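> Fold the following, please.
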Amino acid sequence: MGQTSDYTLIGVSKSGNVGIVELQRPPHNFFNNLMIHEIANAYEAFDRDPEVRAIVLAAEGKAFCAGADLVETPLTGTLESGGGAKHLYKEALRIFRAKTPVVAAVHGSAVGGGMGLSLSADFRVTCKEAKFSVNFSRLGIHPGFGLSVTLPRLIGHQKASLLFYTGRRVPGDEAVAMGVADLLAPQADVRKAAMDLAGEIAGSAPLAVVSIRETLRRGLADIVASTTERELTEQTWLLQTEDFQEGVKATNERRAPNFKCR
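The predicted structure follows:
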């Protein structure tokens, strides 16, 4: 298994015809602009590698990805380019435009933007211990990372609305039953199960798989592009509210928020 060292927040390697991208900001793997930038770079590099026919997106640490880093200043992009969030979504769009099929190995929590990252993949392998949550409403902010389109597209408008409005945490077995995830495995075997699925995909004719995927996902990246513009507009004003400050504080203090509608 070869390892590439041109990354700082992710690990990139290959095993046979499967490329592996591992989030490496344990324990929670909060993402920032640099991490999303590096994931997009890795995907595009694998797209150019004829030996790679599928990708596994995995993570070290306790969580798969607990969402965006709300503390650290964005590490890529500038305010002149439209602000950190706008740049982040442009980087995320590169992930959606990548051509190689992706299997996400979700062994722990996928929360907020972390769930958005998991939904950028074609498939998700998970376990009972994992938790999926679009917790934006509990923070007092609008969903991002294209979730406003990817989640309803995956499980339907009604179920997606329920998860968005409540911000509830869904365990892995329920996530599979809802269609958020595809396969359930013991927690210790999630990555292996993801690798097995990726290997099965890699065993199909690669040109045919890329062609089929292009047909099935046709227009998705363009819809995500327009959706993230809307998401950013709503996030921008909600970030200035007292309710957002209270939502973040309550989450950090592990208590129920006391929203004031202002």
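
> rest of the way, CA atoms for contacts and neighbours
Will do.

> Same question for the longest helix belonging to the chain: list its buried residues.
Using DSSP state H, we find that the single longest helix of the chain is helix 220-238. Of the residues in helix 220-238, 220, 221, 224, 225, 227, 228, 229, 231, 232, 235, 238 count as buried by neighbour count, 16 or more other Cα atoms under 10 Å.

> The fourth one contacts residue 94, doesn't it?
No. Counting by Cα atoms under 8 Å, no contact exists between residue 225 and residue 94, whose distance comes to 10.0 Å.

> how many other residues sit next to residue 102?
By the criterion of other Cα atoms under 10 Å, residue 102 has 27 neighbours.

> which one is residue 258 nearest to, not counting chain neighbours?
residue 246 (6.9 Å; Cα to Cα, 6 or more residues apart in numbering).

> Likewise for residue 187?
Using Cα to Cα, 6+ apart, the closest residue to residue 187 is residue 127 (5.2 Å).

> Secondary structure element holding the residue nearest to residue 258?
Using DSSP states H and E, residue 246 sits within helix 242-252.

> What is the end-to-end distance of stretch 162-175?
13 Å (Cα to Cα, to the nearest Å).

> Quick check: residue 29 vs residue 40, distance?
Taking Cα to Cα, one finds residue 29 at 16 Å from residue 40.

> that older thread, as CSV, could you dump the C-alpha coordinates of the helix holding residue 246?
These are the backbone C-alpha positions of helix 242-252, laid out as CSV (Å, rounded to 0.1, in the frame of the first residue of the first chain):
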residue,chain,number,x,y,z
GLU,A,242,-28.1,35.7,19.2
ASP,A,243,-29.7,32.4,18.7
PHE,A,244,-26.7,31.1,16.8
GLN,A,245,-24.4,32.2,19.6
GLU,A,246,-26.7,30.5,22.1
GLY,A,247,-26.9,27.3,19.9
VAL,A,248,-23.1,27.0,19.8
LYS,A,249,-22.7,27.7,23.5
ALA,A,250,-25.4,25.2,24.5
THR,A,251,-23.8,22.6,22.3
ASN,A,252,-20.4,23.1,23.9
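
> Noted, bye for now.
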